[in-house]
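Peer 1: Give me a model of this one.
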Amino acid sequence: MASSLAQAAAKGALFTLSAQASRIILQLASVVVLARMLSPHDYGLLAIVLVAVGFGEIFRDFGLTSASIQAPELTNAQRDNLFWVNALIGAVLASAMFCLSWPLSAMTAEPDLLGITQWLSLTFVLNGLATQHRANLMRDLKLRGLAVVDVLAAAIALAAAILAAAAGVGYWALVVQQLTTGLVILVGVVIVGRWLPRAYSRSTSIRTLMRFGWSIVATNLIGYASRQVDTMVVAMRFGTAPLGLYNRAYQLVTTPLGQVRSPLQSVALPLLSRVQQDGPRFNAYVIAAQLALGYLLGIPLAIVAGLAEPVVRIMLGAAWIEAAPMMQMFAIAGLLTTVSFVGYWVYLARGLGTQLFRYTMVTTAIKIVCIVIGSFFGVFGVAVAFAVHPAIAWPISLAWLSRVTPMPRRQLYQGASRIIAITLAAGATAWASGILTNALGMWGQAAIGTAVGLAVSTAFLALPVYRRDATSLLSFVRLMIKRDRA
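Peer 2: Next up is the predicted model:
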């Protein structure tokens, strides 16, 4: 049983990562093409509206995706009821956002925000209808179909956005991209899931699920406010054009990163939930997850940080070069948050919603203080503060989590130390190589810097402790491709 479960999760992770590689390529293509067809002002407008959309999305989901995945048992009637709850919340939020479009436009003195906000309110309806379909696929570890849907949605939405931008509609191309993504995902998950909800059943209680979901909502609200405080500070203090630069640098790093971490969570969360009562196995999976995330994502992030300027020139064009220092800070922040990301999975897998909320309150306060202080040093100061925050929050995370649930804290600290050491070396040598090869142009800098960073990372295998980590990762890869003989 244990072998079968691990193999199922590993195979799901392999296919999901393969699909996400396709999504990352599409995302990078979107950045490269659309950044040359649209302006920083266009992206600044979208960034402002997406703050409101993201806030509403927390309520739209209401934590019921995590609740349905984490639940040891979920009846068909409970699943039906959860669908209708999410659908109703989505409709209410769409109406609310439509009505709020006028005050939002007036408050920001941007009349273009009126239409953008009204049309993007439809995303709540689309996502509300798709929520439980996605949750069911994740709960049953049917990740191949879900991954295919996500890739198709990204590809079709990108094509639609490029056509719209070529037609000269400006920021409306970004609106088209958002709505197309939501529509294709909804149709896709319904087809793949082969499930149609029945009528709401008053005789079936979902109170426990709603209570768990509410604790997740409260936590996500605080976390979202924490994540958006930098965007709002930049928008209010520096305007839409600097916000566009800041947002593109942020998205260039965090969107591909999120597209890897999010689907990995769809594998890890149901797996950890199933073995949460088996302490040794649970700890082993947590340690392995940190190493996998840290090495596989941390090394590329460190190299990107070292080669920020040529990467921005390649991806966005010379007109966006002011975004390079900010992207460097976001890559460092991405590395630090990746090292600590498994802690979030532990909170969810063990149903520690209240404890997660309390911890998030503390770290949010720390982040707000960092961002406010950083804003006195300009937009780049905000980006630096964004990177400083996870450096402070990570040790707090481990200490806090260890107080509320058994955790292999020592092994996690040791693993994180090894990850940070190798990524520092990779990033520093990539940066030095980029400077020394400046005469070769942006492509030469990027190619040589990447090769040197990877070579230095490989050299760490001379140390026994890194060879043991590599052996563990290779064992997991073999598990991914091994046929399930169970």
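Peer 1: make it CA atoms for all contacts and neighbour counts henceforth
Peer 2: Will do.
Peer 1: quick one: pLDDT of residue 79?
Peer 2: pLDDT recorded at residue 79 is 80.
Peer 1: where along the protein do the strands fall?
Peer 2: Under the criterion DSSP state E, the chain carries no strands.
Peer 1: okay, which residue is most central for it?
Peer 2: Of all residues in the chain, the one closest to the mean position by CA atoms, centre = their mean is residue 258, 2.6 Å from it.
Peer 1: separation between that one and residue 339?
Peer 2: Taking CA to CA, to the nearest Å as the measure, residue 258 and residue 339 are separated by 14 Å.
Peer 1: same question, residue 196
Peer 2: The spacing between residue 196 and residue 339, counted by CA to CA, is 39 Å.
Peer 1: So which of the two has more stuff around it?
Peer 2: Neighbour totals were compared for residue 196 and residue 339, and residue 339 leads with 27 against 11 (other CA atoms under 10 Å).
Peer 1: State the number of residues packed around residue 232.
Peer 2: Number of residues near residue 232 (other CA under 10 Å) recorded here: 17.
Peer 1: mind listing what it touches?
Peer 2: With CA atoms under 8 Å, 6 or more residues apart in numbering as the criterion, the residues that contact residue 232 are residue 48.
Peer 1: contacting residues for the closest residue to residue 133 other than its chain neighbours?
Peer 2: Nearest-residue entry for residue 133: residue 189, 5.9 Å, with adjacent residues in sequence omitted and distances by CA to CA, 6 or more residues apart in numbering. Under the criterion of CA under 8 Å, 6+ apart, the contact list for residue 189 reads 130, 133-134, 145-146, 149.
Peer 1: how close does the residue of the chain most remote from its centre sit to residue 81?
Peer 2: The outermost residue of the chain, judged against the average C-alpha position, is residue 203 (37.0 Å), by CA atoms, centre = their mean. Distance, residue 203 to residue 81, using CA to CA: 10 Å.
Peer 1: quick one: the helices in the stretch 351-486 of the chain?
Peer 2: For the stretch 351-486 of the chain, applying DSSP state H, counting those that start in this stretch gives helices covering 353-375, 378-404, 409-436, 441-459, 464-481.
Peer 1: Now tabulate those helices in JSON lines and tack on distance to residue 289 and mean neighbour count.
Peer 2: Below are these laid out as JSON lines (distance: least, CA to CA, whole Å; neighbours: other CA atoms under 10 Å):
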{"stretch": "helix 353-375", "distance to residue 289": "19", "mean neighbour count": "18"}
{"stretch": "helix 378-404", "distance to residue 289": "15", "mean neighbour count": "19"}
{"stretch": "helix 409-436", "distance to residue 289": "10", "mean neighbour count": "20"}
{"stretch": "helix 441-459", "distance to residue 289": "19", "mean neighbour count": "19"}
{"stretch": "helix 464-481", "distance to residue 289": "9", "mean neighbour count": "15"}
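Peer 1: and these, which one is worst for confidence?
Peer 2: Set side by side, the helices of the stretch 351-486 of the chain give their lowest mean pLDDT on helix 464-481, at a mean of 73.
Peer 1: Quick check, pLDDT for the spatially closest residue to residue 59 that is not a sequence neighbour.
Peer 2: Excluding the flanking residues, the one nearest residue 59 by CA to CA, 6+ apart is residue 217, at 6.6 Å. If you check residue 217, the pLDDT there is 72.
Peer 1: what's the answer for residue 485, then?
Peer 2: According to the predicted model, the pLDDT of residue 485 comes to 38.
Peer 1: next one: residue 279
Peer 2: Residue 279 carries a pLDDT value of 68.
Peer 1: ok, residue 38 touching residue 165?
Peer 2: Yes: taking contact to mean CA atoms under 8 Å, the distance of 7.4 Å between residue 38 and residue 165 places them in contact.
Peer 1: Next, show the common contact partners of these two.
Peer 2: Taking CA under 8 Å, 6+ apart as the contact criterion, the residues that touch both residue 38 and residue 165 are residue 171.
Peer 1: which parts of stretch 103-121 are buried?
Peer 2: Under the neighbour-count criterion of 16 or more other CA atoms under 10 Å, stretch 103-121 has 104-105, 113-114, 116-121 buried.
Peer 1: Can you tell me what sits against stretch 191-204?
Peer 2: Counting by CA under 8 Å, 6+ apart, residues outside stretch 191-204 touching it are 77-81, 83-84, 133, 136-137, 145-146, 190.
Peer 1: Now residue 379: closest residue in space that isn't a chain neighbour?
Peer 2: On the basis of CA to CA, 6+ apart, the spatially nearest residue to residue 379 that is not a chain neighbour turns out to be residue 234, at 6.6 Å.
Peer 1: Can you pull the poorly scored residue ranges out of the stretch 51-200 of the chain?
Peer 2: Per-residue confidence for the stretch 51-200 of the chain (pLDDT under 70) gives these ranges: 66-67, 69-72, 140-141.
Peer 1: can you do 90?
Peer 2: Low-confidence segments of the stretch 51-200 of the chain (pLDDT under 90): 51-90, 93, 100-101, 103-113, 115, 127-152, 154-155, 165, 168-171, 189-200.
Peer 1: Do a quick rundown of the helices in it.
Peer 2: Along the stretch 51-200 of the chain, the stretches classed as helices by DSSP H, counting those that start in this stretch are 64-70, 76-108, 113-120, 122-139, 143-166, 172-193.
Peer 1: From what I see, residue 126 and residue 183 are in contact.
Peer 2: Yes: proximity of residue 126 to residue 183 meets the contact threshold set by CA under 8 Å, at 6.2 Å.
Peer 1: So those two - more neighbours on which side?
Peer 2: Using other CA under 10 Å, the more surrounded residue of residue 126 and residue 183 is residue 126, with 22 against 18.
Peer 1: Can you report how many residues neighbour the residue nearest to residue 379?
Peer 2: The burial count assigned to residue 234 is 24, neighbours taken as other CA under 10 Å.
Peer 1: Please apply the same query to residue 205.
Peer 2: Neighbour count of residue 205, defined by other CA under 10 Å: 12.
Peer 1: Can you give me the neighbour number for the nearest residue to it once chain neighbours are set aside?
Peer 2: Take residue 205 and drop its neighbours on the chain: the residue closest to it by CA to CA, 6+ apart is residue 78, 7.1 Å away. By the criterion of other CA under 10 Å, residue 78 has 19 neighbours.
Peer 1: do the same with residue 73
Peer 2: Residue 73 has 8 neighbouring residues, counting by other CA under 10 Å.
Peer 1: and if you look at residue 202?
Peer 2: Neighbouring residues of residue 202 were enumerated by other CA under 10 Å; the total is 9.
Peer 1: Now it: phi and psi?
Peer 2: Residue 202 adopts backbone torsions of phi -70, psi -20, taken as degrees, to the nearest 10.
Peer 1: then stretch 284-292 to CSV, C-alphas only?
Peer 2: Presented in CSV, the C-alpha positions along stretch 284-292 are these (Å, rounded to 0.1, in the frame of the first residue of the first chain):
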residue,chain,number,x,y,z
ALA,A,284,10.7,11.5,5.6
TYR,A,285,8.3,12.9,3.0
VAL,A,286,8.7,16.5,4.4
ILE,A,287,12.5,16.3,4.4
ALA,A,288,12.5,14.9,0.8
ALA,A,289,10.1,17.6,-0.3
GLN,A,290,12.3,20.4,1.1
LEU,A,291,15.4,19.0,-0.7
ALA,A,292,13.6,18.5,-4.0
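Peer 1: List the residues that contact residue 425.
Peer 2: The neighbourhood of residue 425, defined by CA under 8 Å, 6+ apart, consists of 453, 456-457.
Peer 1: how far away is it from residue 35?
Peer 2: When CA to CA is the yardstick, residue 425 and residue 35 sit 31 Å from each other.
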